[in-house]
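> compute the structure for the input listed below.
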Amino acid sequence: MNRKIYFCGSIRAGCQDRELYLRMIEKLQSYGQVLTEHVFYNIKDPSMDGMIPNPVTGKVKSDKEIHDGDVTWLDESSVVVAEVTQPSLGVGYEIGRAVAMNKKILCLFRSADTDKRLSAMIQGAHNNSTFIVKHYKEEEVPAILKEFFDQL
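Numbering: from 1, shown residues only. Model prediction:
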């Protein structure tokens, strides 16, 4: 399987969801190569506060390096899966870029676990075809992913 998946979730504002993201990445790996998986493995340490070390040098990447690398992976991907429960300007930006690149997008929102409302710009983009928004509980993720990837 040559499918490349771009997974995104809030890093700097969503570190409390770090373990959830890692579980989602493990499930996504059965559907293809998760281009961004190492980003979430590198932030396992809460003391890093969203900083991402360069895997070669060990130095923290600059914001420019993070942006440029992520946009390259986004361009290489065939689909985007975004966990959007934690509000994030970065995730919103990535989704907007993915729309402009004509990527198929799945947004996952844990409405039962939060008193927040999903942005109208995300919920309103749902079209049952290229932009899918699912309100979910974690135990529903395997079935949601199967349905999404079976329809590609």
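> let me know the pLDDT of the most far-flung residue of the chain relative to its centre.
Within the chain, Thr57 marks the point farthest from the mean C-alpha position, 25.1 Å out by Cα atoms, centre = their mean. On pLDDT, Thr57 comes in at 76.
> host element of it?
Assigned by DSSP states H and E, Thr57 falls within no helix or strand.
> next one: it from Ala120, what distance?
Distance, Thr57 to Ala120, using Cβ to Cβ, to the nearest Å: 41 Å. Quick note: C-beta positions are derived from backbone N, CA and C, even for glycine.
> how about His126, nearest residue that isn't a chain neighbour?
If the residues on either side of it in the chain are set aside, His126 comes closest to Val133, at 4.1 Å by Cβ to Cβ, 6 or more residues apart in numbering.
> from Met101, how far out is Cys107?
Cys107 sits 16 Å away from Met101, going by Cβ to Cβ.
> of the two, give the one with the bigger neighbour count.
Legend: neighbour count by other Cβ atoms under 10 Å for Cys107 and Met101, higher for Cys107 (24 against 14).
> quick check: pLDDT value at the more buried one.
98.
> isn't it up against Val84?
Yes. Distance between Cys107 and Val84: 4.8 Å, which falls inside the contact criterion (Cβ atoms under 8 Å).
> between the two, what contacts are shared?
Here Cys107 and Val84 have 95, 122 as joint contacts, going by Cβ atoms under 8 Å, 6 or more residues apart in numbering.
> residues of the lengthiest helix in the chain that come out buried?
Scanning the chain for the longest helix, with DSSP state H as the assignment, gives helix 63-76. Within helix 63-76, the residues scored as buried using 16 or more other Cβ atoms under 10 Å are 66, 69-70, 73-74.
> stretch 30-38 too?
Using 16+ other Cβ under 10 Å as the test for burial, stretch 30-38 gives 31-32, 34-37.
> that stretch: end-to-end distance?
16 Å (Cα to Cα, to the nearest Å).
> can you list contacts of that stretch?
Here stretch 30-38 has contacts from 1-8, 25, 28-29, 55, 70, 73, 76-79, 145, 149, using Cβ under 8 Å, 6+ apart.
> quick check: which ranges of this structure have low pLDDT?
1, 14, 41-55 (pLDDT under 70).
> mind listing the helices for it?
Secondary structure of the chain (DSSP H): helices at 18-28, 37-42, 63-76, 89-100, 120-123, 141-150.
> for Thr114, which of the ones you listed is the nearest?
Thr114 sits nearest to helix 18-28 of all these, at 12.5 Å, using Cβ to Cβ.
> appreciated, that's everything.
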